[in-house]
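Student: Sequence plus predicted model, see below.
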Amino acid sequence: MAAAIQSGSMSLTFTAINQNPIGSLSVPQDNPTIVQKTSYNGGTGANKFNLLYYATLALVASTPQTLDLTTGLTDAFGNALVFTTNGVKGICIINLATTSAFVLKVGGAATNAWIGTAAPNAGPFNGVADIQIIGAGGKWMQESPIDSFGVSATSKSLKLDPGTNSFSATVIIWG
């Protein structure tokens, strides 16, 4: 029996305390706060998903890994995941490296790179040479909760390249 997604959410929160001391009398302060949250229910359509891939991958120096969004991925219960029907609603990749300059390059697969150029199902990458760089300890998140990012037989490969370093990365994909 396939897993049944009940609900989920994607959140982004940024807060800061910015001060500009002038003299000894007052300290003007600017405290920007941005909070964005997308809530999801189980199923298909806008703001819904029924597939969830989550893994922490051990990346080996000079050995890029390529995830095929149409085959080979499984959920926490061992069920096969195929993102072609409903596409990908969101993706989050976390570079778990703690050493400076251990960057993770995402995208740029040599064959069937996950790209999309036509709305409404445009992918998170605009072309084969489009690569996101995630610095040590960094996160990369993309989301298309209404239309989803398209996945097809010719647009399905997500390359993770650790360069000349070995470290781990967590990948979360929902659709």
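Tutor: Happy to help now that I have it.

Student: Only C-alpha atoms from now on, for both contacts and neighbour counts.
Tutor: Noted.

Student: Quick check: chain neighbours aside, which residue is closest to Ser144?
Tutor: Lys89 (5.0 Å; C-alpha to C-alpha, 6 or more residues apart in numbering).

Student: ok, how many other residues are close to that neighbour?
Tutor: Close neighbours of Lys89, defined as other C-alpha atoms under 10 Å, add up to 26.

Student: Please tell me I have it right and it contacts Gly175.
Tutor: Yes. With contact defined as C-alpha atoms under 8 Å, Lys89 and Gly175 form a contacting pair (4.6 Å).

Student: what residues are shared contacts of the two?
Tutor: Phe49, Ser148 (C-alpha atoms under 8 Å, 6 or more residues apart in numbering).

Student: Could I get the pLDDT score of the residue nearest to Ser144?
Tutor: As predicted, Lys89 sits at a pLDDT of 95.

Student: Met1 now?
Tutor: On the pLDDT scale, Met1 gets 52.

Student: If Phe167 is in a bridge, with which residues?
Tutor: Note on Phe167: beta-bridge partners Leu59, judged by DSSP bridges.

Student: ok, it - contacts?
Tutor: By C-alpha under 8 Å, 6+ apart, Phe167 lies in contact with Ala58, Leu59, Val60, Leu96, Ala97, Phe102.

Student: surely Val27 meets Asn20?
Tutor: Yes. Using C-alpha under 8 Å, Val27 makes contact with Asn20 at a distance of 6.0 Å.

Student: How about Gln36, nearest residue that isn't a chain neighbour?
Tutor: Gln36 sits nearest to Leu12 (C-alpha to C-alpha, 6+ apart), 5.2 Å away.

Student: The helix or strand encompassing that neighbour packs against which elements?
Tutor: Using DSSP states H and E, Leu12 falls within strand 7-15. When contacts are defined as 3 or more C-alpha pairs under 8 Å, 6 or more residues apart in numbering; DSSP states H and E, strand 7-15 packs onto strand 33-42.

Student: Show me what counts as buried in the strand it packs on.
Tutor: For strand 33-42, burial by neighbour count (16 or more other C-alpha atoms under 10 Å) applies to Tyr40, Asn41, Gly42.

Student: Then stretch 146-165?
Tutor: 147-152, 155-163, 165.

Student: Quick check: mean pLDDT of that stretch?
Tutor: The model assigns stretch 146-165 a mean pLDDT of 94.

Student: Tell me the strands beside the lowest-mean-pLDDT helix or strand in the chain, with direction?
Tutor: The helix or strand of the chain with the poorest confidence is strand 29-30; it has a mean of 82 (mean pLDDT, DSSP states H and E). Its sheet considered, strand 29-30 pairs with strand 18-19 (antiparallel) by DSSP bridges.

Student: Good, we can wrap up now.
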